[in-house]
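> compute the structure for the input listed below.
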Amino acid sequence: DALQILDGGSIPTSEKLEASILRIELLERLGQYPQSRFLAERALRARSLQPKFQSDCHFALGRIDVDEGKIDSGLDRFRLALDLAVKANDATRGCWVRLRLMVVNCGMVHPQGASQLINEARKEVLRLGNALASAALHIFVGEIAIKHGAFRTARRHTLLGLRLLEVTPNFWLTALAENN
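Residues are numbered from 1 along each chain as shown. Reported below is the predicted structural model:
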């Protein structure tokens, strides 16, 4: 629905760039990777693209790379997206990138290594003080726990995340939690 609104609506000139970045993210979330990649790479070629939007493009490209099995490339994109979010002084963007870095990295390390990455992400979420980011942290920790065979921990964190989503609903995170 959101993509149809973007495609069919009249967008003021002052908001066209933000709408373009949103389109990249929506296409990525809908699994339309070739279109999302094309638009993100085109946006990144613009010399005047602000760091926060560069961060969004690299973040979307990183998620695509990870989904396509290009883990190292995806992690590189996430690190770049995080650096750009920091440069833009955007704690919210930085937090979401750090959460995704946590999930991908924790899938490749021993549980003790995962706990260090989770603690770093937890500190970032607490600093941000955002209920949606807190819900995501718990749901993502549930996902990580499942990968490491810690089913009770997975259930506990997933349920905590779902409780937080009762206050701040998010269909995407709810769907992720239901997959845990």
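
> quick one: the helices in this structure, in order.
Counting by DSSP state H, the chain has helices at residues 2-8, 16-29, 33-44, 51-67, 71-87, 91-106, 111-128, 131-147, 151-167, 171-179.

> including mean pLDDT and mean neighbour count, could these go into TSV?
C-beta coordinates here come from the backbone N, C-alpha and C atoms, glycine included. Supplementary listing: these in TSV, determined by pLDDT from 0 to 100; neighbours: other C-beta atoms under 10 Å:
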stretch	mean pLDDT	mean neighbour count
helix 2-8	64	11
helix 16-29	90	18
helix 33-44	96	16
helix 51-67	97	23
helix 71-87	96	19
helix 91-106	92	21
helix 111-128	86	16
helix 131-147	94	23
helix 151-167	96	16
helix 171-179	93	14
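
> which outside residues touch stretch 158-177?
Stretch 158-177 is contacted by residues 29, 131-132, 134-140, 142-143, 180 when judged by C-beta atoms under 8 Å, 6 or more residues apart in numbering.

> from those, which is closest to L117?
Nearest to L117 among those is F140, at 10.6 Å by C-beta to C-beta.

> quick one: the closest one from A88, how far?
As judged by C-beta to C-beta, to the nearest Å, F140 and A88 stand 23 Å apart.

> and E68, how many neighbours?
Residues near E68, counting by other C-beta atoms under 10 Å, number 12.

> is it correct that it is in contact with G31?
No - E68 lies out of contact with G31 (C-beta atoms under 8 Å); the separation is 10.9 Å.

> quick check: closest non-adjacent residue to N105.
L117 (5.3 Å; C-beta to C-beta, 6 or more residues apart in numbering).

> list the residues that contact the one you found.
101-102, 105-106, 109.

> need those residues in JSON lines with distance to K52, can you?
Output for those, formatted as JSON lines (distance: C-beta to C-beta, whole Å):
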{"residue": "L101", "distance to K52": "18"}
{"residue": "M102", "distance to K52": "21"}
{"residue": "N105", "distance to K52": "23"}
{"residue": "C106", "distance to K52": "26"}
{"residue": "V109", "distance to K52": "30"}
